[in-house]
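model the following, please.
(one chain, ligands or ions: 1)
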Amino acid sequence: MLFQKQSPGRLAPPPALAGKKLWVPRLQVGGSRLLAAAFRSIGIDAEVLPPSDERTRELGARHSCGDECYPLKLTLGDCLKILEQPGKDKTNTAFLVATGQGPCRFGQYAPYFQSVFGSLGYPDITLVSPSFENGYADYGESSSLFVRSAWRGVVSADILLKLLLRTRPYEITPGSADALYDESLTDLSRILETHHRSYAHQMDELQAGLLRVRARFRALPLRKDRNRPLIGVVGEIFCRLNTFSNEDLARRLEAAGAEVWMNDVSEWLWYTNDEEARQFARTGKTYSAAALRAKLRNIFQKRDEHALVSLFREDFTGREEPDDFRDLLDIAVPYLPAEGASGEMIVNIGKAVYFARKGLDGVIDISPFTCMNGIICEAIYPRVSRDNGGIPIRNFYFDGTQSDLERDVGIFLELARNYRNRKTWPAPTETAFAAGARNGS
Ligand code: SF4
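As a prediction, this is how the structure comes out:
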């Protein structure tokens, strides 16, 4: 049952994960922590992989040949760091490895991990690779419960990241926004890891938690600064969100005088839902039971998203996301129609156009070096820029060997400032956050 009534009490984990520790990859730390909490709510002992470091890079490089994507190397390295910890019973270890059937190498991650683990003498490591193709079956009877909680976690993590990025550039006390972000994550994790008596009860608790978060952020003293260029950030989902892989580019942009508006993770999930519907149509299953279940899931996800995001309408004035995800696909049509292409590149192109029309001062695409999505987008961005008043759009590629990032960020922001001074498009409406109208100097 997709929307079953929940019963109180602790749930038993699905048999494949009984007695095992599930490690969740460190994508964006907030999203990963809330996802791990959602796993715990269905009885799975889940934790986020520790932060990446030089050992991560070393292990990832040792067990790959150089042709693989940078996110694969980093997540593989992080997993191998867990396996090399002394005294751990490796048969009790499981890793979450996302998968998909898109046009690039993403679908090869899980088989590749399995073969590396096998060659190192760990053939029994459990890999969990949920996808709509397998109906998220890895979580047994709790699948629907997990999918709903995880979705609420994703939306909440997007909200938290927005609050952080709206606040951090203007904080008066260095580190205060990060501290608040961390505290808020702990608060929301406690709510999501609890097995609630009903979906409605979980939503009530989550909304109450988000209102506490909102009050904390609104009370943070901020300084006035109307001159920061607003930079939209799109790109490959791992590299864009994982601060180790992108050398913390968002923070560097802030340090150089910008404010960042990052693409939401929920956008990617809306895209995969949309792609799922197209797949049903392609295979003549539009009226199947599976397609109906997917439609119902979409309806409930839309409703949940609205219930959470609407609490922040005032805080995100001028930073509104499109009313409907499909609006992004529509504005991407002149460049990459969703019916003729697939993958993140469509979302990134659509969002770059959206950012330009919304009045932002520049767009950055963060992608791993040799990423197929990034390369295709790079070929299209000059046209997007030409069609939208010459807005600066630039790809930043990462593979762990960046040389002079500060210089490149500085040059890009100079372009963004020039564009800001000459553009005729209106800037996004100022809000209390951007104007520093409260508490600050
Ligand atoms: S999106 Fe880019 S980095 Fe990610 S798997 Fe595909 S090609 Fe590799």
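
ok, residue 254 touching residue 260?
Yes - the pair residue 254 / residue 260 is scored as a contact, 6.6 Å apart, by C-beta atoms under 8 Å. (Each C-beta comes from the backbone N, C-alpha and C, glycine too.)

who has more neighbours, the two?
For residue 254 versus residue 260, neighbours defined as other C-beta atoms under 10 Å are more numerous around residue 260 (23 against 20).

distance of the more buried one from residue 201?
Using C-beta to C-beta, to the nearest Å, we find residue 260 at a distance of 35 Å from residue 201.

do residue 384 as well
Counting by C-beta to C-beta - residue 384 and residue 201 are separated by 45 Å.

looking at these two, which is more packed in?
residue 384 (22 against 13).

how much space between the more buried one and the ligand?
In this structure, residue 384 and the ligand are 19 Å apart, going by C-beta to the nearest ligand atom, to the nearest Å.

quick check: closest non-adjacent residue to that residue.
Among residues not flanking residue 384 along the chain, residue 352 sits closest, at 5.4 Å (C-beta to C-beta, 6 or more residues apart in numbering).

doesn't residue 360 make contact with the one you found?
No - with contact defined as C-beta under 8 Å, residue 352 does not reach residue 360; the gap is 9.4 Å.

quick one: name whatever helix or strand follows the helix or strand harbouring the residue nearest to residue 384.
Element membership for residue 352, per DSSP states H and E: helix 344-358. The helix or strand immediately downstream of helix 344-358 is strand 362-368, counting by DSSP H and E.

can you tell me if that following strand touches the ligand.
Yes - on the criterion C-beta under 6 Å from any ligand atom, strand 362-368 is in touch with the ligand at residue 368.

just checking, what packs against the next helix or strand after that strand?
The first helix or strand that comes after strand 362-368 along the chain, using DSSP H and E, is helix 372-387. Counting contacts by 3 or more C-beta pairs under 8 Å, 6 or more residues apart in numbering; DSSP states H and E, helix 372-387 packs against strand 230-235, helix 344-358, strand 362-368, strand 393-398.

what's the closest of those to residue 247?
Of all the helices and strands packed on helix 372-387, it is strand 393-398 that lies closest to residue 247, at 6.7 Å by C-beta to C-beta.

so the closest one versus strand 362-368, what angle?
30 degrees (axes from the mean of the first three to the mean of the last three C-alpha atoms, to 10 degrees).

pull the distance from strand 393-398 to the chain's centre.
18 Å (C-alpha atoms, centre = their mean, to the nearest Å).

off-centre distance for the next helix or strand after it?
Using DSSP H and E, the helix or strand that follows strand 393-398 in sequence is helix 405-422. Its chain's C-alpha centre and that of helix 405-422 lie 26 Å apart, by C-alpha atoms, centre = their mean.

now swap in stretch 228-247 and tell me
Counting by C-alpha atoms, centre = their mean, stretch 228-247 comes out at 10 Å from the chain centroid.

residues of that stretch that come out buried?
228-246 (16 or more other C-beta atoms under 10 Å).

can you sort out which of the residues you listed also neighbour the ligand?
residue 236.

coming back round to it: against which helices or strands is the helix holding residue 352 packed?
strand 230-235, helix 265-282, helix 326-332, strand 362-368, helix 372-387.

so what's in contact with residue 352 and residue 360 at the same time?
The contact sets of residue 352 and residue 360 overlap at residue 232 (C-beta atoms under 8 Å, 6 or more residues apart in numbering).

more neighbours, those two?
More neighbours surround residue 352 than the other of residue 352 and residue 360, with 30 against 26 (other C-beta under 10 Å).

ok, so what distance separates that one from residue 45?
40 Å.

tell me the pLDDT of residue 152.
On the pLDDT scale, residue 152 is placed at 98.

same check on residue 136?
58.

name the SS class of the nearest residue to residue 165 once chain neighbours are set aside, please.
Excluding the flanking residues, the one nearest residue 165 by C-beta to C-beta, 6+ apart is residue 260, at 5.1 Å. For residue 260, the assignment made with DSSP: H, G, I helix; E, B strand; the rest coil gives strand.

what's next to the helix holding residue 352, contact-wise?
For helix 344-358, contacts defined as C-beta under 8 Å, 6+ apart pick out 102, 232, 234-237, 261, 263, 267-268, 271, 322, 327-332, 335-336, 338, 363, 365, 372-373, 376-377, 380-381, 384-385, 387-389, 391, 393, 425, 428.

ChimeraX command to pick out the buried ones of these?
Only the buried entries of the contacts of helix 344-358 go into this ChimeraX selection, using 16+ other C-beta under 10 Å:
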select :102,232,234,235,236,237,261,263,267,268,271,322,328,329,331,332,335,336,338,363,365,372,373,376,377,380,381,384,385,388,391,393,425,428
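
before we move on, the earlier item: can I get the helices and strands packed on helix 372-387 in CSV with mean pLDDT?
Listed next are the helices and strands packed on helix 372-387 as CSV, based on pLDDT from 0 to 100:
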stretch, mean pLDDT
strand 230-235, 98
helix 344-358, 96
strand 362-368, 97
strand 393-398, 97
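
deepest-packed of those, please.
strand 362-368 (a mean of 28; mean count of other C-beta atoms under 10 Å).

now find how far off-centre that one is within its chain.
14 Å.

repeat that for stretch 54-73.
That offset, for stretch 54-73, works out to 22 Å (C-alpha atoms, centre = their mean).

just the residues contacting that stretch, thanks.
So stretch 54-73 is contacted by 74-78, 80-81, 84, 104-106, 109, 112, 116, 120, 236, 238-239, 242, 244-245, 368-371, 398-400 (C-beta under 8 Å, 6+ apart).
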